[in-house]
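Chemist: pasting the sequence and the predicted model now:
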Amino acid sequence: MVKYLYILIFLLSTLFASSQPNPQSKKITSNFFPDYHELLEITPALKKKKGFTNYQELMTFLNNLKNKFPDKMEIKFIGESQKGYEIPIIFLNSENKNNLKVWFKGGLHGNEPAGTEGLLYLLDRLLNDSSLKHLSDNTNIAILPMANIDGYIKQNRYASNGLDLNRDQTKLMALESINIKQAYTNFNPDIAVDFHEYRPYRKDFARMSDFGITSLYDVMFLYSGNLNVPENIRVITDTLFVKNARSILDNYELKHHDYISTTKHLGEIQFNQGSTNARSSATSYALNNTISTLIEIRGVGIGKTSFKRRVNSAFSIALSYLKTTVENSDFIKSELKKSLNYNSSDIVVTSSRTVEKEIIQTIDLNSNKIIDYEVTIRDALRSNPTLVRKRPSGYLILEEKVELINKLRILGLEVNIVENDTIMKVEKFKITDYNDNFDKYEKMNLQSVKASLVEDEITIKQGTYLILTNQRTSNILTELLEPEAPNSFVSFGILKTEINQILPIYRLIN
Ligand SMILES: [Zn+2]
């Protein structure tokens, strides 16, 4: 008898191990997330019952459109993935070079397919639906539909060397990160939207309410609360672009919220809201004075459940961003111009989030009902500066640090070289506190430092690199070069240091 029981347990365990069960009940799907059947079956994954768009299907889809509209669209390749796949980017360029430039990206995490599919759907509609023609006529559009091809083919979040490409926007350690960032810099967009999906059944959620919860939101909007992003750009992102997209979602009765995600803080489960971190795209783009949003659609870990609904969310938001751009183009252009003169005298090196109790709506898995649930929110959209410094007029980087210079150039910064030995007034960083006692993060040996500024007037040698802060992309310099900034070259261990050392990065005064 006992023997048979063991065999039964063994059979059951292999059954569960081999298939990844969808954590979502049919009841939850039909009550809260019914699929959107009006969507046309025109993209590869929408045409087939199982699986998502593979590389061959992607290229066939793009080439078919290109054959039909040879003058309207352009396919280029930004470089290769680590496994050697050429990464395609599509340009829909209008006649007018002065039109605002909009950048769309999907599939940076390989297991988040609604973004990729939504962008393919968008491309098809912009070309085939004449009622949308005015949108591509009055903007210049770049679409990078499958940013992480190696991951996408395996429906795996990571690049093939295991790196998370959306933690790699300042350190640029993966080949894809370099290729994507270079393409971004070359295009130099005014508006950027990065499509992702999020996991609605997180481990932490299983411990909430009586028998666990699942997220209610079809879409969450992640945009930057980083205080070095010009304030008018932060305001326009929220009160114009996100607001308009929200009202489109309301028309479809899709639920939405600012992006929140659980985090453990002193043993308690809390929620982070918004972003200040330059290592991920929402803030990294915004620090280039771009109106930037990362879209999180409810989809990771539930296979193809409600897939048309998810694709429609991505498509509708992309369309909304284009409409908002076209309908407000003069206003946006003048605000972007204003943001260039946002040379506030101070830069914010570190900041802290506002912490508050808030009520969110969520689905209770026991009752299958929407409940109000009180949570602690750590809000990046309401950040307060904790370390402020005077804005330098530039940064000097000593000659031998070519690796840093290459990264800065890929990130869109103009780098000058000092032509003759010149006496300059500088501030040097002296490391006064040093800690490298961390687990590896994204394969990097992190360092955490404090530094004091030491004023000096010295001869700067010919050949030293000089990066001025009066350029459009300069707001990201704080995040890269001020050593205490959480995503800086020092914090990520790209620039190794030790206690009492003077860094080979100087701040230029005047
Ligand atoms: Zn993602």
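Modeler: Ah, there it is. Computed from a prediction, not measured in an experiment: that's the story for all the values here.

Chemist: what's the following helix or strand after the longest strand along the chain?
Modeler: With secondary structure taken from DSSP state E, the chain has its longest strand at strand 369-390. As assigned by DSSP states H and E, the chain's next helix or strand after strand 369-390 is strand 394-397.

Chemist: does Asn140 touch Trp103 like I think?
Modeler: No: here Asn140 lies out of contact with Trp103, judged by C-beta atoms under 8 Å, at a distance of 9.7 Å. C-beta: built from backbone N, CA, C; applies to glycine.

Chemist: OK, contacts around the residue of the stretch 351-500 of the chain found nearest the ion?
Modeler: Per C-beta to the ion, the residue of the stretch 351-500 of the chain with the smallest distance to the ion is Glu442, at 14.4 Å. If a contact means C-beta atoms under 8 Å, 6 or more residues apart in numbering, then Glu442 has Leu163, Asp164, Arg167, Asp168, Lys171, Met173 as its contacts.

Chemist: count of residues packed around Ser284?
Modeler: 28 (other C-beta atoms under 10 Å).

Chemist: am I right that it is in a helix?
Modeler: Yes: under DSSP: H, G, I helix; E, B strand; the rest coil, Ser284 falls within a helix.

Chemist: I figured it was touching Ala278, is that so?
Modeler: Yes: contact status for Ser284 versus Ala278: in contact at 5.1 Å, counting by C-beta under 8 Å.

Chemist: ok so Ile141 is a strand residue?
Modeler: Yes: counting by three-state DSSP, Ile141 is found in a strand.

Chemist: didn't it look like it was pressed against Leu319?
Modeler: No: proximity of Ile141 to Leu319 does not meet the contact threshold set by C-beta under 8 Å, at 11.5 Å.

Chemist: more neighbours: which of those two?
Modeler: Neighbour comparison, Ile141 and Leu319: the larger count goes to Ile141, with 27 against 19 (by other C-beta under 10 Å).

Chemist: which pLDDT does the model give the more buried one?
Modeler: With respect to pLDDT, Ile141 scores 98.

Chemist: what of the one 4 residues further on?
Modeler: Pro145 is assigned a pLDDT of 98 by the prediction.

Chemist: ok, Pro21 next?
Modeler: For Pro21, pLDDT reads 75.

Chemist: which ones are touching Gly151?
Modeler: Gly107, His109, Gly110, Asn111, Arg157, Tyr158, Ala159, Ser160, Leu165.

Chemist: so which of the residues you listed also contact the ion?
Modeler: Near the ion, judged by C-beta under 5 Å from the ion, the entries from these are His109.

Chemist: between the contacts of Gly151, which is nearest the ion?
Modeler: His109 (3.5 Å).

Chemist: and that closest one, that's in a helix?
Modeler: No: read with three-state DSSP, His109 is coil and lies in no helix.

Chemist: and for it, the neighbour number?
Modeler: Neighbours of His109 (other C-beta under 10 Å): 24.

Chemist: just checking, it touches Tyr198?
Modeler: No: using C-beta under 8 Å, His109 is not in contact with Tyr198, being 9.7 Å away.

Chemist: so what's Ile377 bridging to?
Modeler: Phe271, Glu356 (DSSP bridges).

Chemist: ok, it - contacts?
Modeler: Ile260, Gln270, Phe271, Asn272, Gln273, Val355, Glu356, Lys357, Glu358.

Chemist: make a PyMOL selection of the buried ones in those.
Modeler: Only the buried members of the contacts of Ile377 end up in this PyMOL selection, burial being decided by 16 or more other C-beta atoms under 10 Å:
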select buried, resi 260+270+271+272+273
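
Chemist: of the contacts of Ile377, which is the nearest to Phe429?
Modeler: Asn272 (29.0 Å; C-beta to C-beta).

Chemist: any idea how far Ile213 is from the closest one?
Modeler: Note on Asn272: its distance to Ile213, by C-beta to C-beta, to the nearest Å, is 17 Å.

Chemist: the longest helix anywhere in the chain: what's the following helix or strand?
Modeler: Counting residues, the longest helix in the chain under DSSP state H turns out to be helix 307-327. On the C-terminal side of helix 307-327, the closest following helix or strand by DSSP H and E is helix 329-340.

Chemist: could you pull out the buried residues of that following helix?
Modeler: Neighbour-count burial for helix 329-340 flags Ser329, Ile332, Glu335, Leu336, Ser339 (criterion: 16+ other C-beta under 10 Å).

Chemist: tell me which residues are up against it.
Modeler: With C-beta under 8 Å, 6+ apart as the criterion, helix 329-340 contacts 99-100, 138, 190-191, 230, 232-233, 236, 289, 291, 325, 472.

Chemist: report the two of these separated the most.
Modeler: The span of the contacts of helix 329-340, defined through C-beta to C-beta, is set by Asn138 and Pro230 at 24.5 Å.

Chemist: what about these two, which has more around it?
Modeler: Taking neighbours as other C-beta under 10 Å, Asn138 and Pro230 compare with Pro230 leading, 22 against 16.

Chemist: residues touching that one, list them.
Modeler: By C-beta under 8 Å, 6+ apart, Pro230 lies in contact with Asn289, Lys338, Ser339, Tyr342, Asn475.

Chemist: number of nearby residues for the fourth one?
Modeler: Meaning Tyr342. For Tyr342, the count of nearby residues is 14 (other C-beta under 10 Å).

Chemist: pretty sure it contacts Glu231?
Modeler: Yes: with contacts counted by C-beta under 8 Å, Tyr342 reaches Glu231, the gap being 7.4 Å.

Chemist: ok and the residue in the stretch 151-300 of the chain nearest the ion?
Modeler: His196 (3.2 Å).

Chemist: before we move on, back to that, is any part of the longest helix of the chain close to the ion?
Modeler: No: taking C-beta under 5 Å from the ion as the criterion, helix 307-327 and the ion are apart, separated by no less than 12.4 Å.

Chemist: what is the mean pLDDT for that helix?
Modeler: For helix 307-327, mean pLDDT is 98.

Chemist: going forward, count from 15.
Modeler: In the new numbering, first residue 15, that becomes helix 321-341.

Chemist: who in the stretch 15-164 of the chain is up against the ion?
Modeler: When proximity is defined by C-beta under 5 Å from the ion, the stretch 15-164 of the chain lies next to the ion at His123, Glu126.

Chemist: for the stretch 15-164 of the chain, what spans make up the strands?
Modeler: Residue ranges of the strands in the stretch 15-164 of the chain, as given by DSSP state E, counting those that start in this stretch, are 88-94, 100-106, 115-120, 154-158.

Chemist: in its sheet, what does the second one sit against?
Modeler: What that stands for is strand 100-106. Strand 100-106 is paired, per DSSP bridges, with strand 88-94 (antiparallel), strand 154-158 (antiparallel).
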